[in-house]
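A.B. asks: Okay, sequence plus prediction incoming.
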Amino acid sequence: MAKSKIVIEKPPNPQFRNYHTSAQICETVIAHFQRPLDTRYLRKEKIGERGQELVKEVLSSKGVDQIYIKPYELSVEIGLAFDWEDIENDVISALKKFYGVDQPEIIGQNPLKPDLSGLKE
């Protein structure tokens, strides 16, 4: 069985991070949650019990404003006054808990940057 993994993508906007997972998080196309979390809305989404726990845990991290969940991706937005150094461990911890006993391999990935070396000034 292949080891589960999380690939961390850092988009150009520094307030966002995307966590691509090899385990399916939910069955919906996309679900959006923001602080403060309305648990009535949480139950309406088709993200399952484990997905609900993941949403609650990530949104409980100080500095997290909102999250988007796709079947194999968790996108997190933090407030302008916060740094990823203070929040990312909480998000990764929540994802590890989501995986259960199977500890995922974590791969960092920077956004693709175009090669501009051939452009003239």
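C.D. replies: Great, that's in hand. If you're wondering where the values come from, they're calculated on a predicted model, not measured in any experiment.
A.B. asks: And whichever strand or helix holds Leu95, what's buried?
C.D. replies: Per DSSP states H and E: Leu95 is located in helix 84-99. Of the residues in helix 84-99, those buried under the neighbour-count criterion (16 or more other C-beta atoms under 10 Å) are 84, 87-88, 90-91, 94-96, 98-99. To be clear about C-beta, it is placed using only N, CA and C from the backbone, and glycine gets the same treatment.
A.B. asks: Same list, those residues, but as TSV with distance to Asp38 please.
C.D. replies: TSV is the format used below for the buried residues of helix 84-99 (distance: C-beta to C-beta, whole Å):
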residue	distance to Asp38
Trp84	26
Ile87	22
Glu88	25
Asp90	21
Val91	21
Ala94	19
Leu95	23
Lys96	26
Phe98	21
Tyr99	26
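A.B. asks: wait, what's in contact with the spatially most central residue of the chain?
C.D. replies: Closest residue to the average C-alpha location of the chain: Leu74 at 3.1 Å, with C-alpha atoms, centre = their mean. By C-beta atoms under 8 Å, 6 or more residues apart in numbering, the contact list for Leu74 reads 18-19, 21, 25, 54, 58, 67-68, 91, 95.
A.B. asks: for Lys70, same thing?
C.D. replies: Lys70 sits in contact with 25-26, 28-30, where contact means C-beta under 8 Å, 6+ apart.
A.B. asks: what about burial for these, which qualify?
C.D. replies: Here, 16+ other C-beta under 10 Å leaves 25-26 buried among these.
A.B. asks: Out of the contacts of Lys70, which comes closest to Ile6?
C.D. replies: Ile25 (10.9 Å; C-beta to C-beta).
A.B. asks: What's the separation between the closest one and Asp65?
C.D. replies: 19 Å (C-beta to C-beta, to the nearest Å).
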